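mind folding the following:
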Amino acid sequence: MTAGLPGTGIGGMFYLMSALATPLREAYLRVRGRRSRGWGVVATQTAIAGAILAGVWATGWLLSLALSASRSVIPALATVHPGNLLPAVALLFSVGTLAAVLLGVEVLRLWIRRRPGRETSIKRYQGRRAVAAGERRRRIVLLLLGAVVTAHARPAAAQGGNLTTGHLGRADSAFTAGDTRAAAQEYAAVLAADPWNSHATYRLAQLHRHDPRLALRLFRRYVALEPSDPWGYMALAEMLARAGRYSAALRCYDDALRLAPDERDAVVGRARTLARARRAGAAIAVYEGWLTAHPTDAEVRRELAAARVAAAPAIMPLVGGSRDSDGNATLRLGGVAELEASGPTRLGVRATREQIRDGVTAIGLDELTLRAAARPRGTLQIDLEGGATRVDAVGSAGAPLIPTGQLRARWRDPMGGPAIDLRARRNVIDASPLLVTNRVVRTEIGAIVELPVAGGLKLRGIGRTAALSSSLDVNHRTTFAGVAAVAVTPILEVSGQIHEIRYSRPSSAGYFAPRLVQIAQAGSYIELETARSIVLAFDLGAGVQRVAQQRAAVGPWRRALRLYSLIAVPLAPGRELRFELDADDSGVATESAKTAVATDSATTAQWRYVSMQVSLRVALP
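Numbering: from 1, shown residues only. So this is what the prediction gives:
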């Protein structure tokens, strides 16, 4: 028998099997028209058997609660070697005992069996003996098979439980000690033996937060195993929000709040997700509702202030300029005004005045554009600008008004998969007075497609086509590039890049238009944030290039260098100072896979330039 579990010994099992078979026997006797003891006895015996089974189940349930409660106090027991002889011995004793009981019952039944009446014929009596003997033999065989299965199943289940308990104890110890690798291996071993172990499922999901696909699958599994645990929904919501799936994350937070309406982590997590989804108005309402009931929560008060600053209207004065190797210089003054944004769309207006000089000639232009930035989904971001540029009058010619604008749509798979960046723009090329005087306008469309290959390796394909129209001619430029990038660390990416640029014809409008430009560069992109929330980003490239003039052979290789940097310094809540620097020494102002800078301003193959811009964003109260 099994100690501690009533009703699981050989006698108890024989009684349970016999009692549970009484309804079938009673039904058989009624169908055959034979005498029986009635359904009262059957109901009594069946109720007793059900009560015994309920007691066995209740005992196991109480033991599981006791083991769960003592797991943190008593270390896990050592596991039993799978080669133990106890199961075989228990099997032999169980089968032998049951066979002896059945044999004794049958012998006693034959001994006290009533003799048949005189009217019963010898032939009929012998036939009944044969049938009864066959039924007894079949019943004995079935009971022996049941005993074999039961004797094997109970030791196997016990050994499986011991193995699971051992792995789970070691996993919890490693998790507490901070040994994530060992903990992950042990929790995986627990799930291999017991796929329904919710504790191991939750812990393994926590250890795989760096792998969004696996973590989401495990958290979903935990929610299915423990649908009444609000913390499972909160953990799943946090992972969905990190993946940019804000709508699904908000639904999980709603499920958690239905189970625990006053749980702080669920309320604050929902507000943070709304803020990340740029639904500032809804986030502010959630923060304010929590502070109404908990006015001393300092952390929530700080987050509420940050959400109000992000949603508040803002102004951003800016100043910038550039200088190239031909002596051309520009100076730009202007600013941006942004309206209050309570939802995922933010509107604004941008106005600038620019002066271009070459030491002899000067010309100016004014630009006014309306701006909209929207994030309809967590994985999709859209930026749109539209307006016009007015060029100063030259001589007797009037001041033309040129429509300008740009559209950019970025989508990224939330699980770290592919990404697509689509761009279209129309703008005046303003690097020199000659270009502005000749009304050189670039109309361009392009795309960047990124595909992860393995590990941190990503492949990017770049394609663009542009029409360069002026008062003198119309030209076309095509650009193709391939980039292989590897994320060395979370803040550093190194890459190898190949660019090819072609112009359809030469131009006299004031820009360099060779037949072919080929560039090979090694690049690196660094982006980090300091403890004071200062953001530093650098995009560097160094390599070689060669140029083929129109109707000429390809020239020799020469150096090709580029640099783009961004520094953002928060001065106070709602105030941020930004500095941008862009430099190129390639003769054609190559396009970076990160910054996509292309000016079409070069005049020779040895042309170089540098540009800077400083801006200050101030949120209005």
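
give me the pLDDT for the residue lying closest to I420 once chain neighbours are set aside.
Sequence neighbours aside, W411 is the residue nearest to I420 in space, at 5.0 Å (criterion: CB to CB, 6 or more residues apart in numbering). For the C-beta atoms, the positions are set from N, CA and C on the backbone; glycine is no exception. W411 carries a pLDDT value of 91.

just grab the bridge partners of W411 for me.
Beta-bridge partners recorded for W411 (DSSP bridges): L380, I420.

ok, it - how many residues close by?
14 (other CB atoms under 10 Å).

from V436, how far out is D584?
20 Å (CB to CB, to the nearest Å).

wait, isn't A552 in contact with P506?
No. The criterion here is CB atoms under 8 Å, and A552 misses it with P506 at 10.5 Å.

the two: which is more packed in?
Taking other CB under 10 Å, A552 and P506 do not tie; P506 has more neighbours (14 against 11).

the more buried one and Q550 touch, don't they?
Yes. Between P506 and Q550 there is a contact under CB under 8 Å: 4.6 Å.

where do the contact lists of those two overlap?
Common neighbours of P506 and Q550, counting by CB atoms under 8 Å, 6 or more residues apart in numbering, are A513.

ok, A329 - contacts?
G321, S322, R323, I356, R357, D358.

where do the helices sit along the stretch 251-400 of the chain?
Secondary structure of the stretch 251-400 of the chain (DSSP state H, counting those that start in this stretch): helices at 264-276, 280-293, 298-311.

L274 and A282 touch, don't they?
Yes. Contact criterion CB under 8 Å: L274 and A282 qualify, at 4.6 Å.

pick out whichever of those two has more residues nearby.
Counted by other CB under 10 Å, L274 and A282 do not tie: L274 has more neighbours, with 24 against 18.

once you drop chain neighbours, what's closest to that one?
Using CB to CB, 6+ apart, the nearest residue to L274 is A283, at 3.8 Å.

separation between that neighbour and M234?
As judged by CB to CB, A283 and M234 stand 17 Å apart.

where in the protein is pLDDT low?
Within the chain, the segments meeting pLDDT under 70 span 1-16, 28, 31-38, 56-57, 60-61, 63-102, 105-107, 109-163, 396-397, 587-605.

how is it divided into domains?
Domain segmentation of the chain under automatic domain parsing yields 10-177, 211-311, 314-619.

would you confirm that L318 contacts M612?
No. L318 is beyond contact range of M612, at 10.9 Å (criterion: CB under 8 Å).

pretty sure A314 contacts A619?
Yes. Assessed by CB under 8 Å, A314 is found in contact with A619 at 4.7 Å.

which neighbours do the two share?
G574.

which outside residues touch stretch 237-244?
In contact with stretch 237-244 (CB under 8 Å, 6+ apart) are residues 205, 209, 212, 215-216, 219, 246, 248-250, 252-253, 256, 269-270, 272-273, 276, 377-379, 412, 414-415.

for that stretch, list the C-alpha coordinates in CSV.
Extracted in CSV, the C-alpha atoms of stretch 237-244 (Å, rounded to 0.1, in the frame of the first residue of the first chain):
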residue,chain,number,x,y,z
ALA,A,237,1.4,43.2,-21.0
GLU,A,238,4.8,44.5,-20.2
MET,A,239,6.4,42.3,-22.8
LEU,A,240,3.8,43.3,-25.4
ALA,A,241,4.5,47.0,-24.7
ARG,A,242,8.2,46.5,-25.1
ALA,A,243,7.5,44.9,-28.5
GLY,A,244,5.4,47.9,-29.5
